[in-house]
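> One predicted model, sequence on top.
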2 protein chains.
Amino acid sequence: MEDNTARFEKLLVKNGLKRTAPRLQVLEILSGRDSATSQPYLEQVMGKDADRVTLYRVLQAFEEKGIIHKVLDQQGTANYAICSDGCSAHEHHDEHVHFNCDNCHKIYCLDTVKIPALKVPAGFKVNHLNLIATGLCASCADKVN
Amino acid sequence: MEDNTARFEKLLVKNGLKRTAPRLQVLEILSGRDSATSQPYLEQVMGKDADRVTLYRVLQAFEEKGIIHKVLDQQGTANYAICSDGCSAHEHHDEHVHFNCDNCHKIYCLDTVKIPALKVPAGFKVNHLNLIATGLCASCADKVN
DNA sequence: CATTTTAATGCAATTATGTTGCAAATATAA
DNA sequence: TTATATTTGCAACATAATTGCATTAAAATG
């Protein structure tokens, strides 16, 4: 478990990215959470450890390499989660459902839920599907009772 | 066709909103388009006819009343489309698929395509589904050939 | 039709969010 | 250890969105 750092270093090298403090920190934070993490939250947690601009660039680099994927919540805020193994710079495989809790505002990657195939009007060519469900997550639904 | 204005005035009154120039103008613009309209586009078209702030407030009021609905595109930009008749202040019925063209960036409301039901993990309570498909719209797919 | 009331607008100021160019610092290769 | 290529941090800028408040305009009232 504490070998996280070693694992992250490998991940960076594999993607041709240098092993730098801000990058390791972002991976550390994201991996320690059970839901997608918003850009503002990351910014807050990293505090003065890294410049705002650096954070943007780290996230952008990670997304391009397929290390993380971005989900926009209902407000249009960017949230990031570490990709499952299938992803690469060439192609993301994040066609799973995202669940945005109305109460705690967490965004969960429901990796097990596949997006159903879709019939679109003639002529349209679908490339990518993006499904966000909103409602109450298991933990919040519980509390309401 | 030119009775649009009368129709819009009714719509406003029905929702307890005063008949003002900026509101009528927004309805006019939105109704004249075949796809959802971005906030920046509206702002540009309205020009100095209305203050930016007024536009924000008009859109917000319309959304609350169920007159229009908001769709975020892949960049998180707000786009607006007039709701079909089923909508009201109490509840939006915009659970149709939105199609975001990678080429022309238009957002189409595919009213005829219903979002399929979804199986989520135990405990999660789904309230709302939001599906955005990306790819090429009929007109752009055509041009590519 | 004049007046009162209420809602909506426009403006100024502020905050949040995201981007660019460039010099300095740092990681890796040589 | 030095060279090189990348990454960072800073400053400046650009864009998007929000708030408070005085003014204006719409509808309700008498």
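Thanks, I have the structure now.
> ok and the residue in chain A nearest DNA strand C?
residue A:19 (3.4 Å; Cβ to the nearest atom of the strand). Using the backbone N, CA and C atoms, a C-beta is placed for each residue, glycine as well.
> Show me the shaky parts of chain A.
Counting by pLDDT under 70, chain A contains low-confidence ranges at A:1-2, A:85-94, A:144-145.
> Now with 50, please.
For chain A, no stretch has pLDDT under 50.
> Would you mind naming what in it lies close to DNA strand C?
Contact residues, chain A versus DNA strand C (Cβ under 7 Å from any atom of the strand): A:12-13, A:18-21, A:39-40, A:52-53, A:56, A:60, A:77-78.
> thinking again about what came up before, now do the same contact list for the residue of chain A closest to DNA strand C.
Counting by Cβ atoms under 8 Å, 6 or more residues apart in numbering or on different chains, residue A:19 makes contact with A:9, A:12, A:13.
> one step back: just send the residues of chain A next to DNA strand C back as a markdown table, with secondary structure too.
A markdown table is the format used below for the residues of chain A next to DNA strand C (DSSP: H, G, I helix; E, B strand; the rest coil):
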| residue | secondary structure |
| --- | --- |
| A:12 | helix |
| A:13 | helix |
| A:18 | coil |
| A:19 | coil |
| A:20 | coil |
| A:21 | helix |
| A:39 | helix |
| A:40 | helix |
| A:52 | helix |
| A:53 | helix |
| A:56 | helix |
| A:60 | helix |
| A:77 | coil |
| A:78 | strand |
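> Farthest pair within these?
A:13 and A:77 (30.9 Å; Cβ to Cβ).
> Neighbour count: the two, which is higher?
residue A:77 (16 against 11; other Cβ atoms under 10 Å in any protein chain shown).
> Leaving out the residues flanking it, which one is nearest to that one?
Excluding the flanking residues, the one nearest residue A:77 by Cβ to Cβ, 6 or more residues apart in numbering or on different chains is residue A:38, at 5.4 Å.
> Okay, and the beta partners of that neighbour?
Beta-bridge pairing for residue A:38 (DSSP bridges): residue A:79.
> got the contact list for it?
Contacts for residue A:38 (Cβ under 8 Å, 6+ apart) come out as A:73, A:77, A:78, A:79, A:80.
> Quick check: the fourth one vs residue B:123, distance?
Note on residue A:79: its distance to residue B:123, by Cβ to Cβ, to the nearest Å, is 21 Å.
> Who has more neighbours out of those two?
Neighbour totals were compared for residue A:79 and residue B:123, and residue A:79 leads with 24 against 12 (other Cβ under 10 Å).
> Enumerate every residue touching the more buried one.
Residues near residue A:79 by Cβ under 8 Å, 6+ apart: A:36, A:37, A:38, A:39, A:70, A:71, A:72, A:73, A:107.
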